[in-house]
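S.K.: next come a sequence and a model predicted from it.
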Amino acid sequence: MMQILDNEKEQRILPIFRLAFRPFFLGASIFSAIAMIIWAIFWSGKVDVSMLMYGNPIWWHSHEMLVGFTGAIIIGFLLTAVQNWTGSPGVRGWPLASIFLLWAIARIGLLFGTANIIWMIIDLTWVPLATYFLAKPLILRKQWNNLFFVPLLLLMTLLNAYFHFMVLGFVDFDLRGVSLSVVTVISVIVLVVGGRVIPFFTWRGTDTAQITRVNAIELLAMIPSWLLLANVLLPIPDGINQVTLPALFFATGLTHLIRFVRWRTFQTLKTPLLWSLHAAYLFMIIGMFMLGFHFLTGDVSYSVALHFITVGGIGCMILAMISRVSLGHTGRSLQAGRWIIIAFLALIIATLVRTVIVSLVPTMILNSYVISAALWAVAFTIFSIVYFPILTQPRVDGRPG
């Protein structure tokens, strides 16, 4: 089987810039751990961190965890996956380093600086640049079934611009509206990717019969997901939105639950790299139902419902996925060590503290924020330490990538 790149050329590239998953998985994990430590300190009230977080802590937390952290993971994953989809070499070397550098400069600027159009411009460049390197091989190889990721990334860029317009005072400040839009875009990406890989990984990892895709169930799951995205993004009249929004959250949760129950979750309980994926997908489903109840009755806290998705669904899915992908793409066996299992458990506990404990013991709300953020920081610090040598050294099998 021909190698995608000539080995001699590969050796001239620093290992960390040989494929996009390397810098973005590591950089985003380190950044998220730092960001959550700062967030925990902010809520503890023990140390004044007002000089940080772009002069607007709530905006900064929402933007940086959705765009800065999650956006980087998505870019790292897609720019790596496109090589497998198309057979064309993924972006690497100086082009990859340039994208990553723009991302890193934006993170530093938004942490230590104050609202400025210069930081906005820098932060609005790295995703479109990455999208170009994603779209080019997809179009050349006519991979139309994966091309939908391109408009989703461009949509995230537009929402990122709106984030910046808000903090710069160019538009009305609607943090809840724009953050829900970004969460919904990310959720669709997670549900699409999760629906593709979790059944495959489960089949291969449990040595059981193949989990077949039932087209009717797949279609049933994705139609309400895309309709939900449209409902969140489009200016639906309030009278209609009060009916359609909760209905679509319920429909999305229910149809993905039907999809999920076919994936033999109980057979994954001895395999951490599998049960962590299943747990994340289940958190996504719970979050969809919770948001449905919130928009229908108001009895469920919006913040609690949202964090079932952001911490439990998106966060746990990211940690599980990058732990597995990093092993597979560096030629290592797909085995999670003791510390990574601890990281998985820490993030699951963080989810429960930020949602269940906050709901059951409202007097602990500030302590729950601190504990949850600290546990997130623990989880991604563990990943960063354990996977630093994996992501910064060449593949163990000598192959490119």
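M.R.: Thanks, I have the structure now. Numbers count the residues shown, from 1 in each chain.

S.K.: relative to residue 24, how far out is the residue nearest to residue 171 when sequence neighbours are not counted?
M.R.: Nearest non-adjacent residue to residue 171, counting by Cβ to Cβ, 6 or more residues apart in numbering: residue 165, 4.5 Å away. (Each C-beta comes from the backbone N, C-alpha and C, glycine too.) Noted for residue 165: a distance of 26 Å to residue 24, by Cβ to Cβ, to the nearest Å.

S.K.: okay, these two: which has more neighbours?
M.R.: residue 24 (27 against 15; other Cβ atoms under 10 Å).

S.K.: find the nearest non-adjacent residue to that one, please.
M.R.: Nearest residue to residue 24, sequence neighbours excluded (Cβ to Cβ, 6+ apart): residue 76, at 2.9 Å.

S.K.: separation between that neighbour and residue 69?
M.R.: From residue 76 across to residue 69, the span is 11 Å (Cβ to Cβ).

S.K.: who's more crowded, those two?
M.R.: The residue with more neighbours, out of residue 76 and residue 69, is residue 76; 28 against 24, by other Cβ under 10 Å.

S.K.: do I have it right that that one meets residue 16?
M.R.: No - contact criterion Cβ atoms under 8 Å: residue 76 and residue 16 do not qualify, at 11.5 Å.

S.K.: what touches both of the two?
M.R.: Jointly contacting residue 76 and residue 16 under the rule Cβ atoms under 8 Å, 6 or more residues apart in numbering are 22, 23.

S.K.: helix, strand or coil: sort out the spatially most central residue of the chain for me.
M.R.: Central residue of the chain (Cα atoms, centre = their mean): residue 70, 3.9 Å from the mean position. Secondary structure for residue 70, judged by DSSP: H, G, I helix; E, B strand; the rest coil, is helix.

S.K.: what does the pLDDT read for it?
M.R.: At residue 70, the model reports a pLDDT of 98.

S.K.: tell me the contacts of it?
M.R.: Shown in contact with residue 70 (Cβ under 8 Å, 6+ apart): 186, 314, 318.

S.K.: what's the following helix or strand after the helix or strand of the chain with the lowest mean pLDDT?
M.R.: Lowest on mean pLDDT, DSSP states H and E among the helices and strands of the chain sits helix 7-11, with a mean of 73. Later in the chain than helix 7-11, the nearest helix or strand by DSSP states H and E is helix 21-44.

S.K.: for that following helix, buried residues please.
M.R.: Judged by neighbour count using 16 or more other Cβ atoms under 10 Å, the buried positions of helix 21-44 are 21-43.

S.K.: CA atoms only: put that helix into CSV for me.
M.R.: Provided in CSV are the C-alpha atoms of helix 21-44 (Å, rounded to 0.1, in the frame of the first residue of the first chain):
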residue,chain,number,x,y,z
PHE,A,21,-4.8,16.6,15.2
ARG,A,22,-1.4,16.9,16.8
PRO,A,23,-1.1,20.7,17.5
PHE,A,24,-4.8,21.3,17.9
PHE,A,25,-5.7,18.4,20.2
LEU,A,26,-2.7,19.2,22.5
GLY,A,27,-3.0,23.0,22.3
ALA,A,28,-6.7,23.1,22.8
SER,A,29,-6.5,20.7,25.8
ILE,A,30,-3.8,22.8,27.5
PHE,A,31,-5.7,26.0,26.8
SER,A,32,-9.0,24.6,28.2
ALA,A,33,-7.3,23.4,31.4
ILE,A,34,-5.8,26.9,31.9
ALA,A,35,-9.1,28.6,31.0
MET,A,36,-11.0,26.4,33.5
ILE,A,37,-8.5,27.1,36.3
ILE,A,38,-9.1,30.8,35.7
TRP,A,39,-12.8,30.3,35.6
ALA,A,40,-12.7,28.4,38.9
ILE,A,41,-10.6,31.2,40.5
PHE,A,42,-13.1,33.8,39.2
TRP,A,43,-16.1,32.0,40.8
SER,A,44,-14.2,31.3,44.0
